[in-house]
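Participant: From the sequence below, what's the structure:
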Amino acid sequence: MATVGERIKKLRIAQGFTQARLAEILHVSKAAVCKWESNTNLPKVMELKNMNSLFHVSADYLLGLANRSAIEQLSSEKKLEAMAGYFHQLESPERQQACIDFVISQFNEQEAVKIEAEKIQRALDEPAEAVLDMNIIVDSSLDFQGMDKS
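Facilitator: As a prediction, the model looks like this:
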């Protein structure tokens, strides 16, 4: 099971924060964050509470009493709300645009897969005569190829 420090580091990196940036947000020193992550010291209760809000995790998760973060336990609708919160925490327009581009690319990929699946389904739904006609064409071309070898 991950330590408190490992979980803090994982969450910090997932958010794209440096130790210095996390320290600034939590109003602590960079050395304090470093000590938490190296398991030399533990955060105070108020610091844990602030990290719970910042990272959208429970104190149980941070302290290693739960294996799944709060966000992993949420319904899809609640996850969307949390993601919107994360999006608004992004500090640069470039990072926000990268998120938007990623979502659009995932949607486009999904739509392309749907279109291909529909094409395959239409081909499978074609009348049996069309399939028979295709078999005749294939068979006649095989016979023709065999005649060339003689």
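
Participant: Could you list the low-confidence segments of the chain?
Facilitator: 1, 67-75, 126-150 (pLDDT under 70).

Participant: mind listing the helices for it?
Facilitator: Using DSSP state H, the helices of the chain run over 4-15, 19-26, 30-37, 45-55, 59-62, 70-73, 76-89, 93-125, 128-148.

Participant: how long is stretch 20-32 from one end to the other?
Facilitator: Length of stretch 20-32, first residue to last, Cα to Cα, to the nearest Å: 10 Å.

Participant: For it, which residues meet the burial criterion?
Facilitator: 22-23, 25-26, 28, 32 (16 or more other Cβ atoms under 10 Å). From N, CA and C alone the C-beta is placed, and that goes for glycine too.

Participant: What is the most widely separated pair among those?
Facilitator: Spatial extent of these (Cβ to Cβ) is set by the pair Ile25 and Ala32 at 12.2 Å.
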